[in-house]
Each structure stands twice: as C-alpha cells, then as structure tokens.
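J.: here is a sequence together with a model predicted from it:
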Amino acid sequence: MRKSIIISLFFVLVLLSGCANGITTLKIKDEVLNVEISADAFTRTRGLSGRESLCENCAMVFIFGQESKYSFWMKDMNFPLDILYIKGDEIVEIFKNVQVLDDMNEIMEVFPNKKADKVLELNAGWCDAHDVQVGDKIEL
C-alpha cells in the first residue's frame, strides 16, 4: 500500500512539473493581463505549444536570469502570437502577428535585434488593439 502511494505521488509530481511556474498579473498601459510565468528550461521549451487558444487578456511571460537575444519558434503552436521583448520594465522590441508557419511552410522563428530579460507572448493583434509600442513600460 505504502509503495503504491509513493509511486502515485511521484507521478503527480511529474505531471505538475509540466505546468507553468506560477500565475500573476502584468500591466501594460492601463491593461491588466493574467500571465503564466515560465522561468525554467522545461516550461520555456514547452511555452504555449499544443494549446488550442489563449484567453483574450491572458499571456505567458518567459523570465530569464540575464539579458540576451533569445530566439523563439512556433513549434506545435495552433494560433499566431504577438511577441514582446522586455528589458527591465521597458518593451524594447515587438514582433506582431507571428504566424505558425512561414512562407516556405516551415515553423516560424523569431530572432530579436535587442537584448531582453523577459519575453511576453500574447494573442496576435493584442498589441495593435491596445496601441502597445516599443518604449512602453510594464508592471510585473
């Protein structure tokens, strides 16, 4: 009995390890987003892959320990995204309406020109709908 409980707990922990590292809110201008935090290698690799959709004011923020030019790809994605690169509390670069596949029918990849320590993924069109611009500040 004890062995089966330990094995069951082990599998629960393995399943939970695939979840995001937490949920919080992030503010851009006057808009408040519910964001899933991705701060480890596993959740960064998985990101939003495999999901059918993202709620209107939901996003995922990838938090890195240092500034760099972090590339992202759309592997196993089912919907396009706006991808924001953030340094400190300032948006330094925006890729709007990033499609899953490029013109050659290959998985789309994003290569930033600016260093960032955070990357925010939102539904495509969110930045235009809320007039989000490079230089805008965020509150996390």
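T.: Sure thing, it's come through.
J.: so, low pLDDT: which residues of the protein?
T.: For the chain, the stretches flagged by pLDDT under 70 are 1-21, 42-45, 47, 49-50.
J.: which residues does the most centrally placed residue in the chain bridge with?
T.: The centroid of the chain falls nearest to Met60 when counting by C-alpha atoms, centre = their mean (3.4 Å). In this structure, Met60 bridges to Glu36, Glu121 when assessed by DSSP bridges.
J.: my read: it touches Glu121, true?
T.: Yes: at 4.9 Å, Met60 counts as touching Glu121 under the criterion of C-beta atoms under 8 Å. C-beta here means a position set from N, CA and C on the backbone, and glycine is covered the same way.
J.: all strands for the chain, in order.
T.: Taking DSSP state E as the criterion, the chain contains strands spanning 23-28, 31-38, 58-68, 72-73, 81-87, 90-98, 109-110, 116-123, 138-139.
J.: out of the ones you listed, which comes closest to His130?
T.: Among the strands of the chain, the nearest to His130 by C-beta to C-beta is strand 31-38 (5.3 Å).
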